[in-house]
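In: here are the coordinates; sequence isn't available:
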């Protein structure tokens with residue numbers, strides 16, 4: 001049974017940093033693409049970043065490029081999202097997702113292409 005557990009969310013002032021982690025189990029981690037999505041209150045879930053099964057390819061939403069970095073640790077079955085220069089508009093529940101899919105921007109940015117999801121972690125950025 002695939003299980004994804006996020007951690008690392010919290011409250012931070014604008015300009016600060018947070019590092020989210022997503023621990024995966026019950027799946028061959030190295031065979032799955034991993035993604036981060038977020039959902040602000042009252043809005044739809046949106047793509048943030050994705051990393052390929054090998055870790056060699058990444059995609060980012062334009063809104064986070066240059067500020068966020070996604071990475072994966074093969075030895076620990078964990079994917080990370082380093083978030084720097086945080087803005088109030090980054091406030092949302094952040095979700096980790098996993099699936100075996102062709103690693104193209106068109107696919108990884110679509111939430112319905114991922115079958116496995118974590119429970120989410122709240123990130124709140126104050127102005």
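Out: Arrived safely, thanks for sending. Since the structure is predicted, the reported quantities are computational estimates derived from the model, not experimental observations.
In: the residue positioned nearest the centre of the chain pairs with what?
Out: Residue closest to the average C-alpha location in the chain (CA atoms, centre = their mean): residue 36, at 1.9 Å. Note on residue 36: beta-bridge partners by DSSP bridges are residue 49, residue 96.
In: wait, isn't it in contact with residue 46?
Out: No - Residue 36 lies out of contact with residue 46 (CB atoms under 8 Å); the separation is 10.2 Å. Bear in mind the C-beta positions are built from the backbone N, C-alpha and C, glycine included.
In: what segments of this protein are strands?
Out: 3-7, 10-13, 18-25, 33-39, 46-51, 58-60, 68-73, 78-83, 92-99, 116-117, 121-126 (DSSP state E).
In: give me the contacts around the shortest one.
Out: When contacts are taken as CB atoms under 8 Å, 6 or more residues apart in numbering, the neighbours of strand 116-117 outside the stretch itself are 2, 4, 27, 32, 95, 96, 97, 98, 99.
In: please repeat the previous calculation with a cut-off of 6 Å.
Out: For strand 116-117, contacts defined as CB atoms under 6 Å, 6 or more residues apart in numbering pick out 2, 95, 97, 98.
In: so how do I select the buried members of these in ChimeraX?
Out: Per 16 or more other CB atoms under 10 Å, the buried members of those correspond to this ChimeraX selection:
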select :95,97,98
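In: which two among the contacts of strand 116-117 are spaced furthest apart?
Out: 2 and 95 (13.9 Å; CB to CB).
In: which residues touch residue 86?
Out: Taking CB under 6 Å, 6+ apart as the test, what residue 86 contacts is 12, 16, 125.
In: what is the burial count for residue 16?
Out: 14 (other CB atoms under 10 Å).
In: next: residue 85.
Out: So residue 85, with other CB under 10 Å, has 13 neighbours.
In: where's it relative to residue 24, distance?
Out: Using CB to CB, to the nearest Å, residue 85 is found at 27 Å from residue 24.
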